[in-house]
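# here's a sequence, model it:
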Amino acid sequence: MIEDGEQAPTPEQARLSLLRSRLEGCGPVTAAALARDLGLREPDLHAALAELEQQGFALQGRFTPGVLETEWCERRLLARIHRYTLKQLRSEIEAVAPADFMRFLFHWQRLDDPGEGIEALAAALMQLEGCAAPASAWEAHILPSRMKGYTPDELDRLCASGRFAWFRPLAARQAAKEGRPVAPTLRAAPIALVPRSSLPFWRRAEPVDGAAIELSAYARAVAEVFARHPAAFFEDLLQHSGLLHTQLEAALAELAAAGLVNCDSFAGLRALLAPQHLRPGYNSGRRRRRAHAPGVEHAGRWVWLPPVRLQPGNIKETAACEHIARALLRRYGVVFRRLVAREAGAPAWRELIQVYRRLEARGEIRGGRFVDGFSGEQYALPEAVGALREVRRQGRNGLMISLSGADPLNMTGIITPGDRVPAQTANRVLYRDGMVIAGATGGKAVYTEQFTEGLEALAPRSREPRVL
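Numbers count the residues shown, from 1 in each chain. Predicted coordinates for the structure are as follows:
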């Protein structure tokens with residue numbers, strides 16, 4: 001009823017008022033259903049819905065599973081439905097014990113069923129994207145444990161084709177502050193493998209450039225060459241630097257350990273890791289090379305890695321944080337603060353958790369309590385939730401797996417109880433049903449329980465995990 005002096009609402013205002021009342025009392029609904037229920041023409045309804053969206057009252061999207069048409073919903077009602085949905089999804093999660101989580105990780109990274117072929121290697125490298133491990137451990141332990149019949153040429157092909165690149169992550173920060181050499185040897189320097197396209201994301205936090213690091217005279221001479229030629233072959237570096245072959249090898253090893261250079265192929269790193277007596281020798285200007293010796297001069301181009309400085313909060317920094325957050329999910333399936341704290345190249349947990357909350361709100365990942373005994377928020381990929389349930393349902397079967405201490409799945413003292421086994425290549429850890437039953441540190445074995453089988457898996461000479 002319109003009182004005296006009041007102006008009658010226009011048809012547009014009447015439609016808006018009617019739509020407001022209708023949307024406040026129902027959930028997600030299509031424009032066609034609204035037009036049918038309210039007896040309005042659908043073109044007129046679309047104009048009114050667009051006006052409500054502009055006012056911030058309604059939102060459009062696809063909210064109901066199986067509905068392909070665009071739906072509309074009142075903003076506050078949609079937020080309430082979203083909260084109820086997340087609460088319901090989280091209540092469906094049944095947390096697993098830490099030992100079961102370790103069994104899941106062995107299955108997730110295929111240590112219980114290694115892959116074969118170059119594409120399986122590429123998939124393993126995608127899971128290990130950004131993982132920093134001693135340079136000597138990659139081809140001796142980490143990759144062979146995830147591959148059947150691993151051969152170095154497969155990794156060379158992936159790197160030389162431009163699909164993957166290796167580098168030393170976060171190399172210079174602490175060393176530059178203390179004014180000391182970056183790494184004593186390249187073999188001990190942590191090296192990461194990443195898709196070449198994502199290299200800037202992982203190097204986003206490099207704090208200094210080569211001028212701020214204490215380098216030897218040989219390394220400084222090579223750095224000066226790179227200042228003029230950012231990418232050069234070994235022979236070009238040899239010519240422009242004026243160094244001897246062995247001096248240039250030592251300089252490249254130092255720069256690689258500092259995170260200042262890398263090579264187009266993994267063969268360059270492998271050549272620098274080889275013992276001196278296995279490298280090509282020179283005699284009267286003629287090269288004499290052992291058949292099995294790698295040659296650094298044939299490894300491809302060496303590239304100077306300029307520092308990457310991104311200001312916190314800008315678009316590139318946000319993109320880098322989301323990329324790394326997704327990479328950690330691919331690696332572990334389930335992430336929480338205690339697990340990613342060991343990731344030296346990852347952003348702070350307070351930054352990662354903002355990304356994971358957004359991904360959960362979009363429905364891309366699940367939040368909840370997945371692993372018992374760890375406080376804080378936990379997030380998982382949807383396929384990881386199903387795999388966790390399957391691992392728990394299967395039960396324990398006595399599976400024994402031996403890992404190098406440098407393997408990223410060496411979770412002693414992090415997921416499983418007990419003292420930490422240092423992340424060194426020569427150390428070993430033996431798991432049975434996801435529990436640590438023995439470890440070898442400094443050549444001395446320590447047993448957490450009595451057993452008689454699988455002792456040979458602790459031998460330092462073992463290059464692959466034993467799956468018994």
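# any chance you could map the helices in the stretch 251-400 of the chain?
Per DSSP state H, counting those that start in this stretch, the stretch 251-400 of the chain carries helices over the ranges 266-273, 315-332, 337-340, 349-362, 382-394.
# now the angle from the fourth one to helix 315-332?
Looking back up the chat, that one is helix 349-362. Compare the direction of helix 349-362 with that of helix 315-332 by axes from the mean of the first three to the mean of the last three CA atoms, to 10 degrees and you get 80 degrees.
# and the helix or strand where Leu403 lies, what does it pack against?
Using DSSP states H and E, Leu403 maps to strand 400-404. When contacts are defined as 3 or more CB pairs under 8 Å, 6 or more residues apart in numbering; DSSP states H and E, strand 400-404 sits against strand 428-432. C-beta coordinates here come from the backbone N, C-alpha and C atoms, glycine included.
# now do the strand it packs on: distance to the chain's middle.
From the chain centre to the centre of strand 428-432 is a distance of 24 Å (CA atoms, centre = their mean, to the nearest Å).
# please tell me I have it right and Asp271 contacts Ala299.
No, residue 271 isn't Asp; it's Ala. Yes - using CB atoms under 8 Å, Ala271 and Ala299 qualify as a contacting pair, with a distance of 5.6 Å.
# which parts of stretch 352-369 are buried?
Leu352, Ile353, Val355, Tyr356, Leu359, Glu360, Ile365, Arg366, Gly367, Gly368, Arg369 (16 or more other CB atoms under 10 Å).
# ditto for stretch 75-94
By neighbour count on 16+ other CB under 10 Å, the buried set for stretch 75-94 is Leu77, Leu78, Leu86, Leu89, Ile93.
# local confidence estimate at the third one?
Read it as Leu86. Per-residue pLDDT puts Leu86 at 76.
# quick one: the helix or strand it falls within to helix 382-394, angle?
In the assignment (DSSP H and E), Leu86 maps to helix 75-91. Angle, helix 75-91 to helix 382-394, by the same axes, to 10 degrees: 30 degrees.
# next helix or strand past helix 75-91?
Next helix or strand after helix 75-91 toward the C-terminus (DSSP H and E): helix 98-108.
# now the next helix or strand after that following helix: mean pLDDT?
Using DSSP H and E, the helix or strand that follows helix 98-108 in sequence is helix 118-127. Averaging pLDDT along helix 118-127 gives 96.
# alpha carbons only: can I get helix 118-127 in CSV?
C-alpha atoms of helix 118-127 as CSV (Å, rounded to 0.1, in the frame of the first residue of the first chain):
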residue,chain,number,x,y,z
ILE,A,118,62.2,-40.8,-19.2
GLU,A,119,58.6,-39.7,-18.6
ALA,A,120,58.6,-41.5,-15.2
LEU,A,121,61.8,-39.6,-14.4
ALA,A,122,60.2,-36.3,-15.4
ALA,A,123,57.2,-37.1,-13.1
ALA,A,124,59.6,-37.9,-10.2
LEU,A,125,61.4,-34.6,-10.8
MET,A,126,58.2,-32.7,-10.7
GLN,A,127,57.4,-34.2,-7.3
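# just the buried residues of it, please?
Buried residues in helix 118-127, counted by 16+ other CB under 10 Å: Ile118, Ala120, Leu121, Ala122, Ala124, Leu125, Met126, Gln127.
# direction included, what does the helix or strand just after that helix pair up with?
Following helix 118-127 in sequence order, the next helix or strand is strand 133-134 (DSSP H and E). Using DSSP bridges, the strands paired with strand 133-134 are strand 190-195 (antiparallel).
# and whichever helix or strand comes after the partner strand, what does it pack against?
Proceeding N to C from strand 190-195, the next assigned helix or strand is helix 199-202, under DSSP H and E. Contacts defined by 3+ CB pairs under 8 Å, 6+ apart place helix 199-202 against strand 164-167, helix 315-332.
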